[in-house]
Structures are given as structure tokens and as C-alpha cells.
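S.K.: Kindly generate the corresponding structure for this input.
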Amino acid sequence: MPRAAFGACLRAVILAGCLGSCLPFLSAESEEAAHLAAAAESLEAGLPEQALRLLAGLSDTPQRRFLRAQSVAGIEGPQAALDSLGWPQPPPDWDAAQAWLAAWPSTLQVAVGRQMGDWAHRAQRPDARWWWTLALDSAPGPEDTNHLLLAVAESAAIDGAWMVVRSSSETLWARRAPWELRARAGELLGLAKLRKDLEAGIDFLLALLAHPRLESAAQQRLTLTISEVAWRDRPGAVLQIVARARSLQPSSASSPQLDLYQALALSRLDPDAGARALRALLAEGRRHPALAQQLAEVEAQGDRERSAEERLAAAEASLLLGDAQRAEQLLGNLHRSDEVAFALWLRLPNRPLAEAQAMPVARRPVGAFALARALAREGDRVTAWRVLRPLLAQPAADSALELERLWWGMALAADQAPSERPALLERARAQAQRHPAVGQAWAEWAQGLPLGSHEQGAAWAQALRWLPPDASWAPIALRQALAHQLAARRAWEVAAQPDESLQQMIVQAQAVLQERELNDQHLQAGAWLLAQALVQQGDIAAALGWLARLAERADPERRQRIEGIRQRLKAQSVSADGIMKGG
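M.R.: Reported below is the predicted structural model:
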């Protein structure tokens, strides 16, 4: 028996013994109160039989009935506890439950409702959610409310009541609840979103999976959930998250379920390799409804020659799985004529970049962009900028690709062509892609993280990345994200090396502030921090512009201070000494 339980047991035994010797001197009321307290301690110690003995012969009060039901639950199970309280099976209806709970003293209603919900849930009865919801109406404090909201959402998920899941989990999410509860609510909210819009649900869960504070057990659950629903339509995403799970959690390297979904996803991209993986699972005795069906679909394709598009998909899958040899085999000579194949070929180890630059395919848009990235990763920024610069003159057809090009362009232009960066910044601002629900989720999470922590800074950065520029949360996310990013830097000084992550944040910050009047504290603080960030990156002209906008709305004292900073910047003698970093 654990020491705590033994201590509680000993206290209960001693108290019971003392009661026997002191009973003549106690009033009847005090005697009953002492017995009830001893019974409660016995229940807490995991001794329901002893609690039941202590309750025997006491007056039939609501507190005694509740303690007795808890004792019965510990001995005979949850259904027996419900029977002992006279609650029928099958249950009547909501109104009857509401009237039944209302008959209890108000001081016990939350505890009784919550316990009735737990018992009904364990007994697999349909009325669990009634009790938790009724208890929620009477919950006196945030802790009870948070736990009851989560209980309602989990029970509704089991019953398939997804509208209830969504409303309960969204309500919990909006509260400043402990992270563990909010993370679980996020999982349930993602499941509810899947039922309404599969693509949106998958995107939401993928964003949740990337959260830095998500515990390993939740990561495993989410990886399996996403893999189960997305392997057919989003096989590439499934292979990515499975590979990530295995890199972060070595214990999942031999997970049978991950093996299954990886094989199913692989079969969508590389039928030959997928078929081998599926047959291996069947040979091991693995059983799953989709296993044989998917293998039959793959085998029905026969040994026909794969199209170039199919070979490229298979090669990308091999790269995701770390099988460079298979990827190279699938690509063959496609990389000499096909841009996408060329981009994949550049991801192979030890590829000759000098030879790559001479290939005609490297002068096409997709190939040139892939080559520029490969050169930059190898440290050849001069050649990378020379290759990328012509691409930046012609916008890409795909907005996501355009934004990625612009970000790479700004990173390279920082030391290769500083005068071209402002125009790239403006174009990137117009192309920024957002997802309001994901951005708001990150902002709400960030609020509950330890103040000033690395995790909080990362969460605010994600919120800024995903929020649309006109979202109500955007100015707050901008202010917090930049404050975290600049916390360890000297104010109003040009950094020795430009920072790509800060550059991306500047693009996002400008998108938020560009069309707004600087008429509240978050917007003004955000513009102040943006000016500092621009100075860090060496963009003095843009920083002066934002300081001028701030000066327009400043009081005389603050305007004088801003003007002093502007003059120092203009004179190229910026120093953090004597210049406060705050706003």
C-alpha cells in the first residue's frame, strides 16, 4: 500500500477508535460529523469497505447518501452506485435529471453532478453528458468548469455528438485553462473539424501537431489520427509526420500502426514499393480493412509503365522515407529534362552542383529556384542570388511558391543587394497567406504559456505567421512576437549578420501595420518594435519611415525622443547606449 494511502488509513482507524472512547462526550451532531469525515478520509485512502462501516447507522442526510454511493461504487461498481441513489436504468430524460439534481443541497450539486457523470460514463450509459452539463451550470470556480467542459467534450466525442464536442472544446480553448486541458480540447476540436471539413480538420491537426509544448503522448495520438484519415488523400503529409514522429520518438520506430499507415500512404505515391510494404504486413499477420483492399487496388494496376508524374511522386516519397537510392533509381534521367525531377534530384546527397548549373533545366523557373536554394544551403550565396534574381522579376503562378521565392530573395538580398529588399518586402506583404483559425489558436495558447519563455515566443511567432493582417489578434501577436525576437538584441543597432527568421517576421509585421492607423497601444508598440527590427536588418530608410508615422501621433515629449533616434539613425551613428528599448 502506498505511504499516503497507509497514512490516511491509519488516521481513519485511529479516528474511529477515538470515536469509540469519546462518544459519551460528543453530541449526536458532532458524532455524525466525525463519522462522515472519517468515511470521507477512508474513501480518499481507497478503503470503501471501511467507509461503508463508518456510515452505517447514521442519519439519512444528503452527504451520507453521497458518501455511501461512492463507497458502493468502489465495491460493486458504477451502476450499483447509481442504483443506490435511486436513479433508474434506462434513464428518464433531461428534465428529470435536472429536477433530481436540483433536489440536492446547492453545496453538493457540482460534486454530485460530476460524480454521476463519471459513473454513467463508466457504466456506458447515455446520460453521462447530462450530468456533466448540469454540474457545469452550477460550477462555482474555473477549475471545476474547465474539467467539466473537457468531460462533456470527451463524452460527446464517444457518442459522436460532434456539435457538442465543438462547442465545449472551443469554450474551453477560449479560457485560460491549464495547458494540458487546452491541448486535449484542441485534439477534440480537431476531430470535430474533421467531421465537418476533412481538409480543414487535417490542416488544423497538423498545426496542433507542430506546437512546441505538445506532450509526446498527444503527438502520438495526433500522428495516428491524421494518418488514419489522410493517408488516401494526403499521402505526402502522412509520410512527413510519420518520419517526424520516428525522429522525435525512437520508441515509435517499430509502431505497428505507423507501419500500416506509412505503407498505405506509400502505396498511393509509389505503388511498387507500397505493394511490397503491404505484402510484408499481410505476411506478418497484420489485419486492417484497408490493407487488402489497397493492395488489390495497387496490384490491379499491373506492371504497366509508370508515367513521369507517378515516378516523381514515388521519388518524393522515397526521399521522405530516407531512401535516396530508391529515389535516384526512380528519377533516372528525368532530372535532365523535367523541372520537378531536377528539384528532387538536387535533394539527393553528393549531387554535383557544378554539373547542375550547366543543365538546360536549371534555367527554367522551378529548376532555377531549386538550384538557388541548393547553392544557398551549400554557402554559395553569390551564385544563389545570381540564379534567383531573374526569377524574382516574374511572379510565380502559385501564391505559396511566390511567397517562398520572395522570402529566399529577401534572405539573399540582405548582403547581395540591400537596395532591392524594400521592394521584395512589399511584394511579400501582398502575398502572405494566412489561416485565421490556426492563428487564433496559437495566440490563445501563447497567452497561457510561461511569460517570457522560449515556448511563448515561438507560439506568438506562429500566431503572427497564420493570422490575417486584419484579424483582431494580429496587432497583439505582432507586438509580442517582435518583443520576444528582439529581447536579446541591442536596440537601434545593425546586426553583424541579417537574420532570416527576423526578416520573415518583418514581412508579416508590415502586412499587419501597413493599412492601419497607429491609434492604439498594440499598433504603436508594434510599429516601434518593427522600426527596431528594420534597423537590425540594416534597412535604415524603412525604419525612419515608421518612426515618422509614430511621431505624428506622439505627445511632445515622446515626439522629441523619436526625433532624437531618427537623427542618430540618419547620421549612421546608431548606438543602444542611452536609448531605451521600450516604447
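S.K.: Could I have the CA atoms of stretch 499-506 written out in PDB?
M.R.: Extracted in PDB, the C-alpha atoms of stretch 499-506 (Å, rounded to 0.1, in the frame of the first residue of the first chain):
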ATOM      1  CA  ASP A 499      18.600  37.100 -39.600                       C
ATOM      2  CA  GLU A 500      16.200  35.200 -42.000                       C
ATOM      3  CA  SER A 501      13.600  34.400 -39.300                       C
ATOM      4  CA  LEU A 502      13.500  38.100 -38.300                       C
ATOM      5  CA  GLN A 503      13.200  39.100 -41.900                       C
ATOM      6  CA  GLN A 504      10.100  36.900 -42.300                       C
ATOM      7  CA  MET A 505       8.600  38.400 -39.200                       C
ATOM      8  CA  ILE A 506       9.200  41.900 -40.600                       C
END
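S.K.: got the phi/psi numbers for the nearest residue to residue 256 once chain neighbours are set aside?
M.R.: Excluding the flanking residues, the one nearest residue 256 by CB to CB, 6 or more residues apart in numbering is residue 286, at 6.9 Å. In this view, the C-beta of every residue, glycine as well, is placed from N, C-alpha and C. With angles defined as degrees, to the nearest 10, residue 286 sits at phi -70, psi 140.
S.K.: tell me the pLDDT at residue 286?
M.R.: Model confidence at residue 286, given as pLDDT, is 75.
S.K.: how near is it to residue 477?
M.R.: Counting by CB to CB, to the nearest Å, the gap from residue 286 to residue 477 is 45 Å.
S.K.: likewise residue 53?
M.R.: Counting by CB to CB, the gap from residue 53 to residue 477 is 59 Å.
S.K.: between these two, who's got more neighbours?
M.R.: For residue 53 versus residue 477, neighbours defined as other CB atoms under 10 Å are more numerous around residue 477 (29 against 16).
S.K.: Correct me if wrong: residue 209 contacts residue 225.
M.R.: No. Using CB atoms under 8 Å, residue 209 is not in contact with residue 225, being 9.3 Å away.
S.K.: List the residue ranges of the stretch 101-250 of the chain that fall below the pLDDT cut-off.
M.R.: 139-140, 174, 176, 212, 248-250 (pLDDT under 70).
S.K.: same check, this time on the stretch 351-500 of the chain
M.R.: In the stretch 351-500 of the chain (pLDDT under 70), the answer is 397-400, 429-438.
S.K.: What about residue 333, how many residues nearby?
M.R.: Residues near residue 333, counting by other CB under 10 Å: 9.
S.K.: do the one 10 residues further on as well
M.R.: By the other CB under 10 Å criterion, the neighbourhood of residue 343 contains 21 residues.
S.K.: ok, now which ones touch residue 394?
M.R.: By CB atoms under 8 Å, 6 or more residues apart in numbering, residue 394 lies in contact with residue 365.
S.K.: secondary structure class for it?
M.R.: What DSSP: H, G, I helix; E, B strand; the rest coil gives for residue 394 is coil.
S.K.: by contact count, what packs against the helix or strand harbouring residue 155?
M.R.: In the assignment (DSSP states H and E), residue 155 maps to helix 142-159. In this structure, helix 142-159 packs against helix 106-122, helix 128-138, helix 162-174, helix 179-196, with contacts taken as 3 or more CB pairs under 8 Å, 6 or more residues apart in numbering; DSSP states H and E.
S.K.: who's in contact with it?
M.R.: Against helix 142-159 from outside (CB under 8 Å, 6+ apart): 110, 114, 117-118, 121, 126, 128-129, 132-133, 135-136, 139, 162, 164-165, 168-169, 171-172, 175-178, 181, 184-185, 188, 191-192.
S.K.: mind checking which helix or strand residue 407 is in?
M.R.: Judged by DSSP H and E, residue 407 forms part of helix 399-416.
S.K.: between the next helix or strand after that helix and helix 399-416, how many degrees?
M.R.: Next in sequence after helix 399-416, counting helices and strands by DSSP H and E, comes helix 421-431. With axes from the mean of the first three to the mean of the last three CA atoms, to 10 degrees applied, the angle from helix 421-431 to helix 399-416 works out at 160 degrees.
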